[in-house]
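In: How does the following fold in three dimensions:
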Amino acid sequence: MSGPGLGPGREPEAESGPGADELVPGVEVEVEVGPVAHGGHCVARHEGRVLFVRHAIPGERVRARITEGGPGDRFVRADAIKILRADSHRVAPPCRYAGPGGCGGCDLQHVEIGHQRTLKGQVVAEQLSRLAGVERDVVVEALDDEGGLGYRTRVELAVGTAEAPEGAATPVLGLRRHRSHEIVPVATCAIADPRVDEGVRESHQDAVTEPEELAGLAALDVVAAAGEADTVVVEVPGDADGRPLPTPPLPLTELVPAGDGRREARVDARGFWQVHRDAPRAFVEAVLEAAAVAPGERVLDLYAGVGLLSGPLAQATGEGGQLVAVESDRRAGGHLRENLADLPQALAVTARVDEALGVSGRRSGRGGGRGGGGRSGGRARRGGASSPLLPPSADVVVLDPPRSGAGREVVEALLRLRPRRVVYVACDPAALARDTRYLRERGAELVGLRALDAFPMTHHVECVATFAPSP
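Out: Below you'll find the model as predicted:
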């Protein structure tokens, strides 16, 4: 029996105690921790049953408490609640809210920061090997954060209610537990940029002194945009069930590296933007290096968001070249047009990527690329003609699809444009590996890969993969 994402390594030994069918929430077992897996956990086994264990490190022996799953499930989830034999890379979490039963935002605070990156590299390498047949060592690069803390420029605080001792419901402001709607009240966030953390602390204090101000809200977004002097706190209304409702536009100014200076980019306070303060620089530099755009070339930027990469790519083409950026979300698309307005060689197209390429998707939903636009990955079928605004060919294609990936049909459609280079920005190693397989099946080989630690203390990692299609 195996679960998804099982990495290489020796099989943990079976342990005595409860039988495999007795592993239900609340039961505790001692296990040897096996390899790291995609998703912020490690793999262990008990009586032949697979456990996905959080707060552990490969090679440790732990007491694990089952948190989810039961008889008939392919695997169960568990938390390491006691470390019986610690790995040398284990450290005390820097945040008091981290750990079993705490805030679910960080998966790896118990791991020394350098080893966090080693484990993430192993996950990317294992996914590429297992899903794409690519054998490659992966080194995860650090950005400018100090030890993985104080980097996040956007934090969303959830609003809920809790039962007071006298039985009355009181408002709660904080972050959710792992895989739960339950809210952990927090007064500070260790991974937040200092300006954002100040906003978190002030919001927490306001919730304590004036809880009535939280009535009718689903969340508070605390945002420190690079081009703004002040931190912004956005009140997000909720419906009768507490689910977030749309908010009015609140454009903020972010800054994008451009040549020897920086370009301004407008983005909604609740729109998609890379949360690590150094990510815009790191991503732009990595993509420009991978794309190697020459003046006069034609570049297609798919899932463009508000244009984090579009502006620098357009500048690289020069006035004699062309940049076509495609984004499905209308609000993000509006900012994309605004952000490219000073570049005559740039064109912004508001459309779903699959439909723009002449592929009709069967699924839709909120995407996870640079713009939070419609999902264009997954199963699809060949539809009508592609958008007349898209060129018949492209020298370079850049894509940053949602977490589900681009999908086979989109990959095939973009390769029909006969690009000399495809640059794929990925937030999910498994989706990247699946799409790498589709690209390789169509004759495009992986010729470059950089992994960037844009989310320290969590299992997330960003990759910039470069493909060279066959002529």
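
In: Which stretches in the stretch 151-300 of the chain count as strands?
Out: Ranges of strands within the stretch 151-300 of the chain are 154-163, 169-176, 183-185, 217-223, 232-237, 251-258, 261-268, 298-302, based on DSSP state E, counting those that start in this stretch.

In: the inter-axis angle of the fifth one versus strand 154-163?
Out: Regarding strand 232-237 and strand 154-163, their directions subtend 40 degrees when assessed with axes from the mean of the first three to the mean of the last three Cα atoms, to 10 degrees.

In: Buried residues of strand 232-237, list them for me.
Out: Residues of strand 232-237 classed as buried by neighbour count (16 or more other Cβ atoms under 10 Å): 232-234, 236. All C-beta spots, glycine's among them, are computed from the backbone N, C-alpha and C.

In: Now do the helices in this structure.
Out: Taking DSSP state H, the helices of the chain run over residues 113-127, 194-209, 279-291, 310-317, 330-339, 353-356, 408-415, 429-441.

In: Out of the ones you listed, flag the one nearest residue 144.
Out: Ranking those by proximity to residue 144 (Cβ to Cβ) places helix 279-291 first, at 8.2 Å.

In: in that closest one, what's buried?
Out: Using 16+ other Cβ under 10 Å as the test for burial, helix 279-291 gives 279-284, 286-288, 290-291.

In: cool, and stretch 438-456?
Out: Within stretch 438-456, the residues that count as buried by 16+ other Cβ under 10 Å are 438-439, 442, 444, 446, 449-456.

In: Quick one: those as a markdown table, columns for distance to residue 114 too.
Out: Output for the buried residues of stretch 438-456, formatted as a markdown table (distance: Cβ to Cβ, whole Å):
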| residue | distance to residue 114 |
| --- | --- |
| 438 | 33 |
| 439 | 31 |
| 442 | 37 |
| 444 | 33 |
| 446 | 26 |
| 449 | 20 |
| 450 | 17 |
| 451 | 14 |
| 452 | 15 |
| 453 | 10 |
| 454 | 16 |
| 455 | 16 |
| 456 | 11 |
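
In: Check these and tell me the two furthest apart.
Out: Checking the buried residues of stretch 438-456 with Cβ to Cβ, the most distant pair is 442 and 456, at 35.0 Å.

In: Okay, strands next: where are they in the stretch 301-450 of the chain?
Out: 322-327, 346-350, 359-361, 380-382, 396-399, 421-426, 444-452.

In: To residue 81, which of those lies closest?
Out: strand 444-452 (30.9 Å).

In: helices or strands next to the closest one in the packing?
Out: In this structure, strand 444-452 packs against helix 113-127, strand 140-141, helix 279-291, helix 429-441, strand 462-469, with contacts taken as 3 or more Cβ pairs under 8 Å, 6 or more residues apart in numbering; DSSP states H and E.

In: swap the cut-off to 6 Å and go again
Out: Applying 3 or more Cβ pairs under 6 Å, 6 or more residues apart in numbering; DSSP states H and E, one finds that strand 444-452 contacts helix 279-291, strand 462-469.

In: Show me what it is in contact with.
Out: Applying Cβ atoms under 6 Å, 6 or more residues apart in numbering, the external contacts of strand 444-452 come out as 124, 134, 138, 140-141, 282, 286, 290, 436, 461-469.

In: Report the buried members of these.
Out: 124, 134, 138, 140, 282, 286, 290, 436, 461-469.

In: Minimum distance to residue 151: which of the helices of the chain has it?
Out: Checking those against residue 151 by Cβ to Cβ gives helix 279-291 as the closest, at 8.7 Å.

In: So what's the gap between that closest one and the chain middle?
Out: Taking Cα atoms, centre = their mean, to the nearest Å, the mean C-alpha location of helix 279-291 is offset from the chain mean by 17 Å.

In: Quick one: mean pLDDT over it.
Out: Regarding helix 279-291, the rounded mean pLDDT is 98.

In: between it and strand 251-258, how many degrees?
Out: Interaxial angle of helix 279-291 relative to strand 251-258 (the same axes, to 10 degrees): 40 degrees.

In: Can I get helix 279-291 in CSV, CA atoms only?
Out: Written as CSV, here are the backbone C-alpha positions of helix 279-291 (Å, rounded to 0.1, in the frame of the first residue of the first chain):
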residue,chain,number,x,y,z
ALA,A,279,9.8,37.7,-4.6
PRO,A,280,9.2,40.3,-7.4
ARG,A,281,12.9,40.9,-7.8
ALA,A,282,13.8,37.2,-7.6
PHE,A,283,11.1,36.1,-10.1
VAL,A,284,11.7,38.9,-12.6
GLU,A,285,15.5,38.2,-12.6
ALA,A,286,15.0,34.4,-12.9
VAL,A,287,12.4,34.6,-15.7
LEU,A,288,14.4,37.2,-17.7
GLU,A,289,17.5,35.1,-17.4
ALA,A,290,15.6,31.9,-18.5
ALA,A,291,13.7,33.6,-21.3
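
In: Show me what it packs onto, helices and strands only.
Out: With contacts taken as 3+ Cβ pairs under 6 Å, 6+ apart, helix 279-291 sits against strand 251-258, strand 421-426, strand 444-452, strand 462-469.

In: Using JSON lines, please lay out these together with mean pLDDT and distance to residue 77.
Out: Output for the helices and strands packed on helix 279-291, formatted as JSON lines (pLDDT from 0 to 100; distance: least, Cβ to Cβ, whole Å):
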{"stretch": "strand 251-258", "mean pLDDT": "94", "distance to residue 77": "37"}
{"stretch": "strand 421-426", "mean pLDDT": "98", "distance to residue 77": "25"}
{"stretch": "strand 444-452", "mean pLDDT": "98", "distance to residue 77": "26"}
{"stretch": "strand 462-469", "mean pLDDT": "97", "distance to residue 77": "25"}
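
In: out of the ones you listed, nearest to residue 221?
Out: strand 251-258 (10.9 Å).

In: Neighbouring strands - and their directions - for that closest one?
Out: Pairing partners of strand 251-258, with direction, according to DSSP bridges: strand 261-268 (antiparallel).

In: Now tell me what touches the partner strand from outside.
Out: The contact list for strand 261-268 (Cβ under 6 Å, 6+ apart) reads 227, 249, 251, 253-256, 273, 306, 311, 335, 338-339.

In: swap the cut-off to 7 Å and go again
Out: Strand 261-268 has contacts (Cβ atoms under 7 Å, 6 or more residues apart in numbering) with 227, 249-256, 273, 306-308, 311, 331, 335, 338-339.

In: Kindly report the same for stretch 174-187.
Out: So stretch 174-187 is contacted by 54, 68, 97, 101-105, 157-158, 160, 172-173, 201, 204 (Cβ under 7 Å, 6+ apart).

In: which residues pair with residue 301 across the strands?
Out: Going by DSSP bridges, residue 301 is paired in beta bridges with residue 325, residue 398.
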